[in-house]
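Asks: my questions concern the predicted model and sequence given below.
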Amino acid sequence: MKAAPHPRQAARLAALQSYEILDTPRESDFDELVELAATICGTPISVVNLIDADRQWFKAETGLGVRETPLDTSLCAHAILEQDFMEIEDTLTDRRMADNALCTGEPGLRFYAGALLQTEDGLPLGTLCVLDYRSRKLDDFQRRSLQVIARQVMKQLDLRRALKIQNTLVKEIDHRVKNSLQAVSSLVALQRGQSKDASVKAALDDVAARLQTISLVHDELSLAGASETVDLGRYLNRLGNLLGRNAGGNVAVVVEAKPLIVDSRLASSVGMIVSEFAANSLKHAFPDGRAGTIRIAMRGVEDGMAELVCADDGVGASPAAGVGKPGLGLRIIAASVSQIGGRMQQSEAGPGLSLRIVFPLTHAASVVQPALPA
């Protein structure tokens, strides 16, 4: 006989659809669980079975060789009407199965045991079941094992749904952040265009450059998906390209940075250091259209440390050069170095100016290291 619809059929089907699992490819995580269930229970068949509106669909199966069958002959459609666990030692003696073609035919399914796959709200999605062509009975260990494996199947389903929800939220936040950054950047550009004060324009240029640095970190986080880590090497190369486009034709920005995975806060601080160094060099180190190069090099060193070198071949830290004085740019650099627990060494040996910063790859905002010896 065909099973009756579940008493909460509409809610149950809505819950099943929310997992977006139907008609997805096979996955080893589920295949291994049905193989384990079949081995423990000593049966030729085991299935992760999800009961849809008009079919039963198998996320994983061993011993069947098909991915779905009609509901008319579904044993699991009866099981989801039960509490937690259903075992039928001989299907031909059960009124629900006695006329089922899968049981009466040859070779007929004579044994069934299924543990419910159900949501936290108690809505059954299907079963983890085992079947055999001969009548039999599970022992207590096998029953408990089947229920434990069923819970593991649900944990896999819940994890996948949670990740999809998280990715949707991340995309929405990403969209809102991008819109906010673009709005602020547009406002800064508008204010700069309306201002007649050179010092105000210069300050707004600094704000625009910092917004671009923040935008790049955000882009790297977007590329990394839900992860809170970014490839610092790729980020610095992208930042270098941006700085180079803004440098004008007389100054080149060269970045040498190998791939290095760090957390986003550390990447943001390192990006701020590089951005501020380049901004100050462009402002002070190459007067009157002087040609030159700003070089950024970053590499991992031993004992979980990394080294960042920022250098230019400009006029150096003369009294007229803002980089050599404790101006806003250098104070921002020093604060960023402190924030990542790094140590900074400044060299004025020439040509130009260089900063060497060593910092731990593990984010250590609370650690303040002394300056490196000259």
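Replies: All right, it came through fine.
Asks: distance-wise, check residue 197 relative to residue 191.
Replies: Going from residue 197 to residue 191 by C-beta to C-beta, to the nearest Å gives 11 Å. Yep, even glycine has a C-beta here, placed from its N, CA and C like the rest.
Asks: excluding its backbone neighbours, what's nearest residue 145?
Replies: Spatial nearest neighbour of residue 145, excluding adjacent residues (C-beta to C-beta, 6 or more residues apart in numbering): residue 40 at 4.7 Å.
Asks: may I have the distance across stretch 194-203, first residue to last?
Replies: Start and end residues of stretch 194-203 are separated by 14 Å (C-alpha to C-alpha, to the nearest Å).
Asks: where in this protein is pLDDT low?
Replies: Residues of the chain that meet the criterion pLDDT under 70 lie in 167, 169-175, 177, 206, 209-210, 212-214, 216-228, 317-328, 348-350, 363-374.
Asks: strands along that one, start to end?
Replies: Secondary structure of the chain (DSSP state E): strands at 45-51, 55-62, 68-70, 85-88, 111-118, 124-132, 229-231, 251-257, 261-263, 292-301, 305-312, 343-347, 354-360.
Asks: excluding covalently adjacent residues, which one is nearest to residue 347?
Replies: Once flanking residues are discounted, residue 347 sits nearest to residue 354: 4.7 Å by C-beta to C-beta, 6+ apart.
Asks: how many residues are close by that neighbour?
Replies: Residue 354 has 19 neighbours, counted by other C-beta atoms under 10 Å.
Asks: thinking the residue nearest to residue 145 is in contact with residue 142, fair?
Replies: Yes - counting by C-beta atoms under 8 Å, residue 142 is a contact partner of residue 40 at 5.9 Å.
Asks: run a quick neighbour tally on residue 72.
Replies: 14.
Asks: surely it touches residue 54?
Replies: No - assessed by C-beta under 8 Å, residue 72 is found out of contact with residue 54, at 9.4 Å.
Asks: quick check: domain ranges of the chain?
Replies: Per automatic domain parsing, the structural domains of the chain span 9-161, 228-360.
Asks: any idea which of those gets closest to residue 187?
Replies: Distance to residue 187, taken as C-beta to C-beta, is lowest for domain 228-360 among these, at 18.9 Å.
Asks: who's in contact with residue 2?
Replies: 71-72, 77 (C-beta atoms under 8 Å, 6 or more residues apart in numbering).
Asks: now, those that are in helices?
Replies: Those of the contacts of residue 2 mapping onto helices are residue 77, per DSSP state H.
Asks: closest to residue 98 among the contacts of residue 2?
Replies: Using C-beta to C-beta, the contacts of residue 2 come closest to residue 98 at residue 72, 14.6 Å.
Asks: pull the longest helix from the protein.
Replies: Counting by DSSP H, the longest helix found in the chain is helix 140-194.
Asks: relative to strand 111-118, how tilted is it?
Replies: 30 degrees (axes from the mean of the first three to the mean of the last three C-alpha atoms, to 10 degrees).
Asks: the nearest residue to residue 309 once chain neighbours are set aside bridge partners, please.
Replies: Distances taken as C-beta to C-beta, 6+ apart put residue 297 closest to residue 309, at 4.5 Å, once the chain neighbours are dropped. For residue 297, the beta-bridge partners under DSSP bridges are residue 256, residue 309.
Asks: circling back to that earlier point, OK, contacts around the residue nearest to residue 145?
Replies: By C-beta under 8 Å, 6+ apart, the residues touching residue 40 are 141-142, 145-146, 149.
Asks: so for residue 185, which of the domains of the chain sits nearest?
Replies: domain 228-360 (12.9 Å).
Asks: quick one: the closest one to chain centroid distance?
Replies: Offset of domain 228-360 from its chain centre (C-alpha atoms, centre = their mean, to the nearest Å): 29 Å.
Asks: how close does the closest residue to residue 314 other than its chain neighbours sit to residue 130?
Replies: Excluding the flanking residues, the one nearest residue 314 by C-beta to C-beta, 6+ apart is residue 285, at 2.5 Å. Residue 285 sits 75 Å away from residue 130, going by C-beta to C-beta.
Asks: the two: which has the busier surroundings?
Replies: Higher neighbour count among residue 285 and residue 130: residue 130, with 30 against 26, using other C-beta under 10 Å.
Asks: which residues does that one bridge with?
Replies: Under the criterion used here (DSSP bridges), residue 130 is bridged to residue 46, residue 113.
Asks: now it: how far from residue 115?
Replies: From residue 130 to residue 115 the distance is 9 Å (C-beta to C-beta).
Asks: likewise for residue 362?
Replies: 44 Å.
Asks: please apply the same query to residue 146.
Replies: If you go by C-beta to C-beta, the gap between residue 146 and residue 115 works out to 5 Å.
Asks: which residues do these two both contact?
Replies: Listed as contacting both residue 146 and residue 115 by C-beta under 8 Å, 6+ apart are 85, 128.
Asks: in contact with residue 133, which residues?
Replies: Counting by C-beta under 8 Å, 6+ apart, residue 133 has contacts 44, 107-111.
Asks: repeat that for residue 26.
Replies: 59-60.
Asks: look up phi and psi at it.
Replies: Per-residue torsions, residue 26: phi -60, psi 150 (degrees, to the nearest 10).
Asks: and it, how far from residue 157?
Replies: In this view, residue 26 and residue 157 are 15 Å apart by C-beta to C-beta.
Asks: what does residue 17 give?
Replies: Residue 17 sits 12 Å away from residue 157, taking C-beta to C-beta as the criterion.
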